[in-house]
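In: 3D model of this:
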Amino acid sequence: MPKIYKREEYLKKIRGFYDDDMIKVISGIRRCGKSFFLKSIMQELIEKGVKEKDIIYIQLDKKGYKHIKTPEQLEKIIDEQIKDNDFKYLFVDEIQNVKNFEPLINSYREEENMSIFITGSNSYLLSGELITKLTGRFIEIEMLPLSFYEYVDMKKFLDKEVNNNIYLEFEEYIRSGGFPKSLYYDKLEEKTKYTSSVINQIFEKDIKTSNRINDKDLFEQVEKFVVNNFGKVISVQSICNYFKGELKINTDRRTIKRYLDILQKAKILYPCELFDIKSKSVMKGDKKYYLADLSIYYALNTDARINYGPVLENVLHNYLLSKDYSLSVGKIGKFECDFIARKGIEDYFYIQVSKNIDDEKTEEREYRPFYKIEDMYPRFLFVLDMVLQKNVNGVRNVNIVDFIYNNLELISNP
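Out: Numbers count the residues shown, from 1 in each chain. The predicted structure is shown next:
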């Protein structure tokens with residue numbers, strides 16, 4: 001097996017389940033690296049002494065397997081590869097291509113002589129019998145495209161040139177995005193074309209085949225609106241009002257909500273709920289949406305300029321999400337705290353994100369929400385500028401590029 005870049009952040013989440021009877025579900029946006037993630041697991045198993053005959057790998061999107069559409073066909077191809085009674089490791093890539101696959105996968109799990117790993121490009125594979133029949137019997141590992149740390153690390157792995165100025169490298173990452181295969185292309189135009197092809201595949205293979213889109217033009221307008229407004233507080237009603245008022249398109253809230261749900265299930269968008277800090281409750285209606293990868297924005301727009309406010313939020317959102325933080329937007333009266341990050345029982349953090357705080361007005365704006373919060377949980381201000389003063393009035397100033405480049409975690413004590 002050829003050498004494969006290992007995404008350690010995700011491998012450490014799943015290693016403890018290699019020999020477990022829990023079904024391992026790896027989900028994520030198309031082309032985020034799930035297939036190579038499966039291969040890296042197989043490589044580790046072989047390094048541990050597992051024989052290749054005991055590893056069954058089925059790529060349902062590849063030649064030789066594309067005809068498999070029913071559970072019966074899948075069962076036949078699996079059974080053909082089982083030559084003895086030794087413990088097996090079953091890997092099925094893009095399992096949503098097989099309709100009603102859940103009972104079959106469950107039957108193999110119940111035989112207790114197999115460890116099962118399945119991937120899907122969207123959350124539709126978790127919407128049916130897998131949830132209702134396998135409650136407590138599967139774990140989901142949700143993958144995102146490469147973080148900035150992984151992006152640089154993989155470039156080194158591929159012997160690609162890395163800019164000595166890490167901030168220029170960061171700018172390239174923002175525009176190029178973190179879809180792993182894009183690293184094989186050298187020109188930004190080539191990377192953008194690749195991302196556009198990924199988006200087209202998502203629509204054709206994940207969205208159109210799994211949903212009835214009555215008005216493709218309206219769906220694309222909704223997609224464009226949310227993509228262009230990532231990091232802003234929006235609601236189904238505000239989208240409806242915009243369409244009716246600005247675009248003169250008559251639509252209803254139910255259609256808009258359905259299209260937003262489809263974009264989330266395709267893992268293009270990640271919603272971030274608003275949380276009222278005083279009442280300790282989720283606010284209904286308004287949300288922020290972040291992109292699975294910033295290259296989606298640049299692939300759908302001709303403007304390549306970087307709006308650092310929402311861009312930096314998006315980068316940090318996805319990085320923390322990959323490290324299993326739960327995220328929400330904090331509201332305290334008329335003020336907003338960019339993120340509340342939670343992990344485990346006791347880890348709780350307030351976060352602001354800004355390009356810089358090089359003038360008094362900006363500094364006051366970024367610090368003000370922290371001073372309105374009465375509890376004493378840690379506060380972080382992430383900025384793009386170099387940070388000279390690390391701790392100001394209980395707020396830790398952190399350089400966002402250094403933080404992600406060094407693969408760091410939020411900590412309660414400095």
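In: Could you pull out the strands in the stretch 251-400 of the chain for me?
Out: If DSSP state E, counting those that start in this stretch is used as the criterion, the strands of the stretch 251-400 of the chain fall at 269-276, 281-291, 326-332, 335-343, 347-354, 379-383, 391-392, 395-399.
In: next helix or strand past the last one?
Out: Beyond strand 395-399 on the C-terminal side, the first helix or strand identified by DSSP states H and E is helix 400-405.
In: I would like the residues contacting that following helix, please.
Out: If you take Cβ atoms under 8 Å, 6 or more residues apart in numbering as the criterion, helix 400-405 is touched by 147-149, 152, 166-167, 170, 312, 315-316, 319, 353, 382-384. No exception for glycine: its C-beta is placed from N, CA and C like everyone else's.
In: Counting neighbours, which bits of that helix end up buried?
Out: Residues of helix 400-405 classed as buried: Ile400, Val401, Phe403, Ile404, Tyr405 (neighbour count, 16 or more other Cβ atoms under 10 Å).
In: Tell me if I am right that Ile26 is in a strand.
Out: Yes - assessed with DSSP: H, G, I helix; E, B strand; the rest coil, Ile26 lies in a strand.
In: Was I right to think it contacts Met143?
Out: Yes - Ile26 sits in contact with Met143 when judged by Cβ atoms under 8 Å, with a separation of 6.2 Å.
In: so what sits against both of those two?
Out: Joint contacts of Ile26 and Met143 (Cβ under 8 Å, 6+ apart) are Lys34, Phe37.
In: More neighbours: the two, which one.
Out: Ile26 (25 against 21; other Cβ atoms under 10 Å).
In: I'd like the distance between the more buried one and Tyr89.
Out: Here Ile26 is placed at a distance of 14 Å from Tyr89 (Cβ to Cβ, to the nearest Å).
In: what do you get for Tyr371?
Out: 54 Å.
In: between the two, who's got more neighbours?
Out: Tyr89 (19 against 14).
In: So which residues make contact with the helix or strand encompassing Glu169?
Out: Element membership of Glu169 [criterion: DSSP H and E] is helix 166-176. For helix 166-176, contacts defined as Cβ under 8 Å, 6+ apart pick out 148, 151-152, 162-163, 182, 188, 191, 294-295, 298, 304, 306, 311, 315, 384, 401, 405.
In: Could you do stretch 54-71 as well?
Out: For stretch 54-71, contacts defined as Cβ under 8 Å, 6+ apart pick out 35, 38, 42, 45-46, 73-74, 77-78, 81-82, 86-95, 97-101, 103-104.
In: What's the mean pLDDT across that stretch?
Out: For stretch 54-71, the mean per-residue pLDDT is 93.
In: quick one on the thing from earlier: would you write a PyMOL line that selects the buried entries of the contacts of helix 400-405?
Out: This is the PyMOL syntax for the buried subset of the contacts of helix 400-405, where burial follows 16+ other Cβ under 10 Å:
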select buried, resi 147+148+149+152+170+312+315+316+319+353+382+383+384
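In: Among the contacts of stretch 54-71, which are located in strands?
Out: By the criterion of DSSP state E, membership of the contacts of stretch 54-71 in strands covers Lys88, Tyr89, Leu90, Phe91, Val92, Asp93.
In: Surely the second one is in contact with Asn113?
Out: No - with contact defined as Cβ under 8 Å, Tyr89 does not reach Asn113; the gap is 10.7 Å.
In: can you tell me which residues contact the residue nearest the centre of the chain?
Out: Centroid-nearest residue in the chain: Leu144, 3.3 Å away (criterion: Cα atoms, centre = their mean). Applying Cβ under 8 Å, 6+ apart, we find Leu144 in contact with Gly28, Ile29, Cys32, Gly178, Ala292, Asp293, Asn318, Leu321, Ser322.
In: One more: Leu274?
Out: In this structure, Leu274 makes contact with Val233, Val282, Met283, Asp286, Lys287, Lys288, Ser328, Val329, Gly330, Lys331, judged by Cβ under 8 Å, 6+ apart.
In: When you filter those down to buried only, what's left?
Out: Among the contacts of Leu274, those classed as buried by 16+ other Cβ under 10 Å are Val233, Lys287, Lys288, Ser328, Val329, Gly330, Lys331.
In: Run through the bridge partners of the second one.
Out: It stands for Lys287. Ile234, Glu273 (DSSP bridges).
In: Would you mind measuring from it to Tyr194?
Out: 29 Å.
In: do the third one as well
Out: Lys288 sits at a distance of 27 Å from Tyr194 (criterion: Cβ to Cβ).
In: and if you look at the fifth one?
Out: In this view, Val329 and Tyr194 are 32 Å apart by Cβ to Cβ.
In: Also the fourth one?
Out: The spacing between Ser328 and Tyr194, counted by Cβ to Cβ, is 33 Å.
In: where does the stretch 51-200 of the chain have low pLDDT?
Out: 121-136 (pLDDT under 70).
In: should've said the stretch 201-350 of the chain
Out: Short version for the stretch 201-350 of the chain, where the test is pLDDT under 70: 209-210.
In: one more time with 80, if that's ok
Out: Low-confidence segments of the stretch 201-350 of the chain (pLDDT under 80): 203-212.
In: Can you show me the helices along it?
Out: 216-228, 236-245, 253-265, 295-300, 308-322 (DSSP state H, counting those that start in this stretch).
In: any chance of those helices in a markdown table, plus distance to Tyr377?
Out: Formatted as a markdown table, the helices of the stretch 201-350 of the chain follow (distance: least, Cβ to Cβ, whole Å):
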| stretch | distance to Tyr377 |
| --- | --- |
| helix 216-228 | 31 |
| helix 236-245 | 31 |
| helix 253-265 | 28 |
| helix 295-300 | 32 |
| helix 308-322 | 15 |
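In: Out of those helices, flag the one nearest Cys272.
Out: Evaluated over those, closeness to Cys272 peaks at helix 308-322, with 6.9 Å, by Cβ to Cβ.
In: so that closest one versus strand 326-332, what angle?
Out: 130 degrees (axes from the mean of the first three to the mean of the last three Cα atoms, to 10 degrees).
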